[in-house]
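> quick one, structure for this:
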Amino acid sequence: MPILETTEKAPDFCLLDNTQKTHCLSDYQGQWIVLFFYPKDNTPGCTVEACQLRDDHSDLLALDTAIIGINTNNAQSHSHFIDKHQLPFPLLSDESGAISRDYGTLFKLGPVKFCKRHSFIINPEGKIAKIYRKVTPSQHSQQIIADLKVLQSL
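Numbering: from 1, shown residues only. A predicted model of the protein is given here:
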């Protein structure tokens, strides 16, 4: 599994969201991106993390930053999660785990596979500006906002 470093070009992807719309990394060129990988829809930690990002969504938009969630759940699972918690950002399905593997977030145990809770800030040029391998769901959104402010001032 690759170990990504800051300043590297972020691995490209094209994945479907819950409405079957394709989202590619290149669609977001020219703006900041928070790409968060999370284990499973509707689990306690993942719900806290997603809802914190939802609550801080306007602050992230003010920083010209798109939020994209990815995990190995299917589109139907994402639809339920989005509807239940009014999430204003896309959740993409990586059912094969290929993109999660590219980002070093895939965990496999026999036939079971899921994403580790990792996040990446990608700059407008498509390079990784910050990597979070240890995430505290309740504090992560505020940590991202603080880091974005620093990164955008450089």
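> what about the lengthiest helix in the chain, distance to the chain center?
Longest helix of the chain, by residue count under DSSP state H: helix 140-153. With CA atoms, centre = their mean, to the nearest Å as the basis, helix 140-153 stands 15 Å off its chain's centre.
> try stretch 71-83
14 Å.
> tell me which residues in it are buried?
71, 72, 73, 75, 77, 78, 81, 82 (16 or more other CB atoms under 10 Å). Glycine gets a C-beta too; all of them are placed from N, C-alpha and C.
> hmm, what's the outermost residue in this protein?
Relative to the centre of the chain, and counting by CA atoms, centre = their mean, the farthest-placed residue is residue 110 at 24.6 Å.
> residue ranges with poor pLDDT in the protein?
By pLDDT under 70, the low-scoring segments of the chain are 1-2.
> so where do the strands sit in it?
Along the chain, counting by DSSP state E, strands occupy 14-16, 22-24, 32-37, 65-71, 91-93, 106-109, 112-115, 118-122, 128-132.
> who's in contact with residue 73?
40, 41, 81, 91, 93, 95 (CB atoms under 8 Å, 6 or more residues apart in numbering).
> wait, which of the residues you listed is closest to residue 147?
Nearest to residue 147, judged by CB to CB, of the contacts of residue 73 is residue 91 at 22.0 Å.
> okay, which residue is most central for the protein?
residue 36 (2.0 Å).
> quick check: that one touching residue 49?
Yes. Look at residue 36 against residue 49 with CB atoms under 8 Å: they come within range, at 7.1 Å.
> number of residues surrounding residue 90?
By other CB atoms under 10 Å, 19 other residues sit near residue 90.
> now do residue 49
Residue 49, neighbours per other CB under 10 Å, totals 24.
> now it: closest residue in space that isn't a chain neighbour?
residue 137 (3.8 Å; CB to CB, 6 or more residues apart in numbering).
> how close does that neighbour sit to residue 24?
From residue 137 across to residue 24, the span is 27 Å (CB to CB, to the nearest Å).
> before we move on, what about residue 146?
28 Å.
> what of residue 84?
Looking at residue 84 against residue 24, where the rule is CB to CB, the gap reads 27 Å.
> now residue 145
25 Å.
> got it, and residue 8?
18 Å.
> now residue 85
Distance from residue 85 to residue 24, by CB to CB: 25 Å.
> more neighbours: which of residue 137 and residue 24?
Comparing residue 137 with residue 24 by other CB under 10 Å, the one with more neighbours is residue 137, at 18 against 11.
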